[in-house]
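Visitor: Prediction below, plus the sequence it came from.
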Amino acid sequence: MADEKTKPRRGRPKTMTDEARRAAIVAEAEVLFAAKGFLGTSTGEIAARCRISKQTLYRIFPCKTDLFGAVVDAHRMRIIDLGDGYDDLPLDQALARIFMIELDQRDYELRAAFLRAAHVESFSEPQLKEILRCRGGYKARAELKAWLDRQCANGRLAIADTDRAAHMLLDTFGGSIIFDALGGFGWASREERIAHFRQCIDIFLKGALPDQH
């Protein structure tokens, strides 16, 4: 007689948890929002791409703006990545990791396309603008400010106004990505993009004045 352990198990397959389902929906919605915009994407398209019913989609995200907010939350994690703080790394390497300057081209273009579409639509959709401000820019700025504060407290940086410094860094990196996206991903190569951001980091840390020594 065959060993009981070798017999295939019967019954319904294990279903995805709500947490995993939510993450999958957010990932697919980001792709659609980047390609078609928030207004151009229907909940039916999102459900179809996720291979779920609209009823399931609305159970997890009662309205499309709730889903947009979740995408912004997830997207913020791809604008800055504070990881474990990178306190043991040289500052240039830490900032390179925080702003993920070495993303592969596919992930970079998705990040840029979402930023472009979201910000363009936010001019005519005040609700989207508020979501982007509160759950995107403001949170990223606060998180980056906290990191800069810690580096100053540890004697690794000396910045009089870390909030403005965080704002400047986000403008430098996020603004470059948006302008690049509006121009059709204008850097000639990934290497050229990385070199641009490395120079941004170098000027932030060392300035542009000649060495006085």
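Guide: Right, received. Where do you want to start?
Visitor: Arg22 reaches Ala70, doesn't it?
Guide: Yes. Using Cβ atoms under 8 Å, Arg22 is in contact with Ala70, at 7.3 Å. Using the backbone N, CA and C atoms, a C-beta is placed for each residue, glycine as well.
Visitor: any common contacting residues for the two?
Guide: Phe61 (Cβ atoms under 8 Å, 6 or more residues apart in numbering).
Visitor: what residue ranges in the chain score low on pLDDT?
Guide: The chain contains residues with pLDDT under 70 at 1-14, 77-78, 184-186, 213.
Visitor: In it, mark out all the helices, start to finish.
Guide: Ranges of helices in the chain, per DSSP state H, are 18-36, 43-50, 54-60, 64-79, 91-98, 105-122, 126-131, 138-153, 162-182, 190-206.
Visitor: And the ones you listed: which comes nearest Gln212?
Guide: helix 190-206 (12.2 Å; Cβ to Cβ).
Visitor: who touches the closest one?
Guide: 91-92, 95-96, 99, 101-102, 104-105, 108, 168-169, 172-173, 176, 180, 187.
Visitor: Between helix 91-98 and it, find me the angle.
Guide: If you take axes from the mean of the first three to the mean of the last three Cα atoms, to 10 degrees, helix 190-206 sits at 130 degrees to helix 91-98.
Visitor: pull the CA atoms of helix 190-206 into CSV?
Guide: What follows is helix 190-206, C-alpha atoms only, in CSV (Å, rounded to 0.1, in the frame of the first residue of the first chain):
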residue,chain,number,x,y,z
ARG,A,190,22.1,54.1,-17.5
GLU,A,191,25.7,54.9,-16.9
GLU,A,192,25.2,58.6,-17.9
ARG,A,193,22.2,58.8,-15.5
ILE,A,194,24.2,57.3,-12.7
ALA,A,195,27.2,59.7,-13.4
HIS,A,196,24.8,62.7,-13.2
PHE,A,197,23.4,61.7,-9.8
ARG,A,198,26.9,60.9,-8.5
GLN,A,199,27.9,64.5,-9.3
CYS,A,200,24.8,65.8,-7.6
ILE,A,201,25.8,63.9,-4.5
ASP,A,202,29.4,65.1,-4.8
ILE,A,203,28.4,68.8,-5.1
PHE,A,204,25.9,68.4,-2.1
LEU,A,205,28.7,67.0,0.1
LYS,A,206,31.7,69.0,-1.1
